[in-house]
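**Q** give the three-dimensional model of this entry:
(2 chains)
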Amino acid sequence: MIRRRKIKEASIPTASMADIAFNLLLFFLVATTFDIDTGIGLTLPEYLPPEKIPQIDVQKDRIATLYINEKGDIVFNDRYIEIGEISNNLKPLITDKIDVPSNKKLIVSIKTDRKTVYSKYISVLDQVKKAYFIVREEYSLANYGQKYKDLDTDTQKIIKEKIPIIISLAEPGTN
Amino acid sequence: MKFDKRRGNTKPEIPTASMPDIVFMLLLFFMVTTTLRDVNVLVDYKLPEAESLEKIENKRLVSYLWVGKEKNIQVNDSVIKLDELKDIMYSKRQSMQGIIVSLRIDRNVDMGLVTDIQQELRKAYCLRINYSSTQKY
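**A** Presented below is the predicted three-dimensional model:
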C-alpha cells in the first residue's frame, strides 16, 4: 500500500516581517533630518560689465541710505543711528509710499565698507526686513482685518506689490 | 441581583496581520522624505543671528556655500578658490533651474569677501541667495 504523504502547504513565515520593517523604519527615522534652512532671502541684480551699467536718476526722496563703516557705526540718511532704531526710522518712510505707483516706491540702499564685519551687515539687513514685515502686517490688519500669514496667497501678492522690498546693495567703498 | 460575568467565547486578540502594512507605509514616508546628503563641512563657521527669518520652501533647489573663519570657501565637498567659484556655480545652475544659493558665512568674515562672492554669483547668474542665519531670541 502506498501511503501518499500529505504535502504541507508551503508558506514563507511572515511573523518576522514586521520586525524587519521596524528595523528599516528605525534607520530612516534616525537618518532623516528636518533642518529647514532659515535665513534672509535676497535676489541679486544681474551682472553687467561696469561700462554697460545704465545711469538711472532716482529722486532723492525715494532712497533711504544706510552706511555701515568698518567700526560698525551705522549712518542712516547722513545721521548716526543705533541698530535698534533702524526699523522705527524706516517704518514711516515705507508707510508713506504704500499708495504711490510702483516706480516710486522706497529703495533702501545698504552700503558697507570692505572691512565691515558680516554679522553687522546681517543685523542691519535684518532690521530693514523687520521694518518691511511690520508695515505689511499693519497694512494687512488695517485693510483685511487679518494677519498677513493668514491671508490667502492672492491677497498676499497684492500686499507684496503694494509694499515691495527693494534693497539695493551698493559696491563697498574702500575709503 | 446577579452579576453575570459575560465572557466571549473567543480568545481576545488584536489582529496583527496588517501591522507590516502600516509599518511599511511609515517606512515609505520616511524613505521618501529623507535626503541622504551628508556633505563634510570642512570649514569652521558660526552663523550670524537675525530676528526676521524666512524659511526656504524648496529644499531641493538649495545649494550651499560655506565660508569659514579663515576665509576658506567651500562648495560641494571641496574647498575652492574665489576665482573658481564662477565656473562651479555656473555649471550648477545649468543642472538646477531656479537655484537658491544659501550662504553659510561665518559671522566675523569681512564684507569685502562677501561682496566678492556675490559678484561671482552674479556673473554665474545665481541670483537668488539666502544669508543663512540662526534665530535670535
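**Q** could you check how many residues crowd around A:I163?
**A** 21 (other C-beta atoms under 10 Å in any protein chain shown). In short, each C-beta sits where N, CA and C put it, glycine included.
**Q** with adjacent residues omitted, what lies nearest to it?
**A** Closest residue to A:I163 apart from its sequence neighbours, by C-beta to C-beta, 6 or more residues apart in numbering or on different chains: A:R136 at 5.3 Å.
**Q** the one helix or strand that neighbour maps to - contacts with which helices or strands?
**A** Taking DSSP states H and E as the criterion, A:R136 maps to helix A:118-144. Under the contact definition 3 or more C-beta pairs under 8 Å, 6 or more residues apart in numbering or on different chains; DSSP states H and E, helix A:118-144 sits against strand A:38-43, strand A:63-68, helix A:86-96, strand A:107-112, helix A:153-162, strand B:49-50, helix B:111-123.
**Q** centre of the chain to it, how far?
**A** Relative to its parent chain, helix A:118-144 has a centroid offset of 10 Å by C-alpha atoms, centre = their mean, to the nearest Å.
**Q** which regions of the chain lie under the pLDDT threshold?
**A** I went with chain A, as the question did not name one. For chain A, the stretches with pLDDT under 70 are A:1-3, A:34-36, A:172-175.
**Q** actually, chain B is the one I wanted.
**A** For chain B (pLDDT under 70), the answer is B:1-2, B:4-8, B:35-38.
**Q** please enumerate the helices of it.
**A** B:19-33, B:82-95, B:111-123 (DSSP state H).
**Q** close to chain A, is the second one?
**A** Put plainly, it is helix B:82-95. No - applying C-beta under 8 Å from any C-beta of the partner chain, one finds helix B:82-95 separated from chain A by no less than 9.7 Å.
**Q** list the buried ones in that helix?
**A** The neighbour-count check on helix B:82-95 (16 or more other C-beta atoms under 10 Å in any protein chain shown) flags B:L85, B:K86, B:I88, B:M89, B:K92, B:R93 as buried.
**Q** what does the first one give?
**A** Residues of helix B:19-33 classed as buried under the neighbour-count rule (16+ other C-beta under 10 Å) are B:P20, B:V23, B:F24, B:L27, B:F30, B:M31.
**Q** kindly export it (C-alpha atoms) in CSV.
**A** Taking Å, rounded to 0.1, in the frame of the first residue of the first chain, the C-alpha atoms of helix B:19-33 are listed here in CSV:
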residue,chain,number,x,y,z
MET,B,19,0.9,45.6,11.2
PRO,B,20,3.6,45.1,8.5
ASP,B,21,1.4,47.1,6.1
ILE,B,22,1.2,50.0,8.5
VAL,B,23,4.9,49.9,9.3
PHE,B,24,5.7,49.7,5.6
MET,B,25,3.6,52.8,5.0
LEU,B,26,5.5,54.7,7.6
LEU,B,27,8.7,53.4,6.2
LEU,B,28,7.8,54.6,2.8
PHE,B,29,7.1,58.0,4.1
PHE,B,30,10.5,58.3,5.8
MET,B,31,12.3,56.9,2.8
VAL,B,32,10.7,59.5,0.5
THR,B,33,11.4,62.4,2.8
